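K.L.:
Sequence first, predicted coordinates after that:
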Amino acid sequence: MLRLTIDAVQVFIFVSRKGHGLVMKKFVNVTAILLGILLLLSACNGSATLVGKWQADNGNVFEFTEDFLVLQNGENTNAMGYIHNEAEKTFQFTMSGKEVPGVYRYEIKKDTLTFFDAQDTPVTFKKYKES
């Protein structure tokens, strides 16, 4: 998404130097197309991000924050974090800044997050909805 925003800004800077009405019209068309693509991409991804709150079957709520912390029931008492590879759909826990052994594969379908360990054992969470 950031790439699309940068492209739109670059087009605007290029167009503003030209100063012709026809070129400005092209800028508006290009911006509209880029905005449409951005909306489509965000709609396709929906909530398909690891960042957010997820509830386990036992009721515990785990939150993966944008700054790579893991909160359990709103607390981070063990200085727990994570390393995330969006392209490979994997993550690894950290504790006090050090990697914890084990890389987990994950998938997100609608409001369900499933982790898979090295033996491919699934652990399922539901998107947490605050009331």
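P.N.:
That came through, no problem. Numbering: from 1, shown residues only.
K.L.:
Test of understanding: give the bridge partners of F93.
P.N.:
Y82 (DSSP bridges).
K.L.:
Check E75 too.
P.N.:
Residues in beta-bridge contact with E75 (DSSP bridges): Q72.
K.L.:
what does the domain assignment say about this protein?
P.N.:
According to automatic domain parsing, the chain comprises the domains 2-45, 52-127.
K.L.:
ranking those domains by mean pLDDT, which is last?
P.N.:
Of all these, the minimum mean pLDDT falls on domain 2-45 (a mean of 40).
K.L.:
where along the chain do the strands fall?
P.N.:
Counting by DSSP state E, the chain has strands at residues 52-55, 61-64, 70-72, 80-85, 90-95, 98-99, 104-109, 112-116, 122-127.
K.L.:
can you give me the angle the fifth one makes with strand 112-116?
P.N.:
So the one you mean is strand 90-95. 80 degrees (axes from the mean of the first three to the mean of the last three Cα atoms, to 10 degrees).
K.L.:
Can you tell me what sits against strand 90-95?
P.N.:
Defining contact as Cβ atoms under 8 Å, 6 or more residues apart in numbering, one finds that strand 90-95 is touched by 50, 68, 70, 78-85, 99-100, 102-106. Yep, even glycine has a C-beta here, placed from its N, CA and C like the rest.
K.L.:
now that strand and strand 104-109, what's the angle there?
P.N.:
120 degrees.
K.L.:
Give me the angle between strand 90-95 and strand 80-85.
P.N.:
Going by the same axes, to 10 degrees, strand 90-95 makes 160 degrees with strand 80-85.
K.L.:
Give me the buried entries from the contacts of strand 90-95.
P.N.:
Neighbour-count burial (16 or more other Cβ atoms under 10 Å) applied to the contacts of strand 90-95 gives 50, 70, 80-82, 84, 104-106.
K.L.:
For those residues, give me TSV that also has distance to F116.
P.N.:
Below are the buried ones among the contacts of strand 90-95 laid out as TSV (distance: Cβ to Cβ, whole Å):
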residue	distance to F116
L50	14
V70	17
M80	20
G81	20
Y82	15
H84	15
Y104	7
R105	4
Y106	7
